[in-house]
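Trainee: Give me coordinates for this.
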Amino acid sequence: MEAVILAGGQGTRLLPYTSDLPKALVPVCGRPVIEFLLHRLKVAGVTKVHLAVNHLADKMKAALGDGSRFGLSILYSEEPEPLSTVGPLTLIPSLPETFLVANGDILTDLDIAALFQCHLRSACKLTVATYRRTDRIDYGVLQTGPDNRVTTFSEKPDYHFLVSMGIYVFSRSALDFVPPKTRFGFDDLMFTLLENGEPINTMRHEGFWLDIGRAEDYLRANNQDAAAILRLLG
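Mentor: From the prediction side, this is the model:
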């Protein structure tokens, strides 16, 4: 298997931790966050990783090298300008018929090999790993009727969402919907596939997942979830 890791973003939501580091290199439990993903890819059977880089690309190359110390072959694809989360795929030649794509700042114990097989069985162009996330609203939430009178009230309710984990399996034919060398995000691809009547497969993960793109989640990773994160290397 081959994988593309998207690691070109500036990580502005994670400032000041990303003021002089690419987001994929910020330390979690004493190690660059991307190392946890590289380990999970290796365990799943991935042998080659294409790293899509832009912001502070030289630091990424210096930190990870050719990938040999992770048991992987790492190749770098540098964007001349930011192309969002799907556009960078058009710069990588000779991608296989089926390949993984992942954001460089996620922590998960997802069975990546099972996700790959789920995609192959689906006959879809795209499979999205999903997770049920719970967010609490720290306010009293009201609903009102046409007369502006309260119909229901909830104090600090929890809301549940099925979210994308930031890890996918692509069939190469999905790239037929992506304009070359153009800023094009995952949201653009989802809308385009749906508008064209293309089915999109999902696989729901019930285990551990954390995206450190927000400061509060980054702090959580280095504190209350530290033990679970260190187990990802086991």
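Trainee: Give me the secondary structure label for residue 52.
Mentor: strand (DSSP: H, G, I helix; E, B strand; the rest coil).
Trainee: Please apply the same query to residue 66.
Mentor: Classified using three-state DSSP, residue 66 is coil.
Trainee: So what's the residue count around it?
Mentor: If you count neighbours by other CB atoms under 10 Å, residue 66 ends up with 12. Heads up, the C-betas are built off the backbone N, CA and C, glycines and all.
Trainee: Show me which helix or strand of the protein is least confident by mean pLDDT.
Mentor: Least confident helix or strand, the chain: helix 215-221 with a mean of 84, by mean pLDDT, DSSP states H and E.
Trainee: At the geometric centre of this protein, which residue sits there?
Mentor: residue 166 (2.4 Å; CA atoms, centre = their mean).
Trainee: For it, what are phi and psi?
Mentor: The phi/psi pair for residue 166 (degrees, to the nearest 10) reads phi 80, psi 20.
Trainee: Now it: closest residue in space, sequence neighbours ignored.
Mentor: residue 103 (3.7 Å; CB to CB, 6 or more residues apart in numbering).
Trainee: Who does the one you found form a beta bridge with?
Mentor: residue 6 (DSSP bridges).
Trainee: quick revisit: close enough to count as contact, the residue nearest to the centre of the chain and residue 102?
Mentor: Yes. Using CB atoms under 8 Å, residue 166 is in contact with residue 102, at 6.4 Å.
Trainee: Thank you, goodbye.
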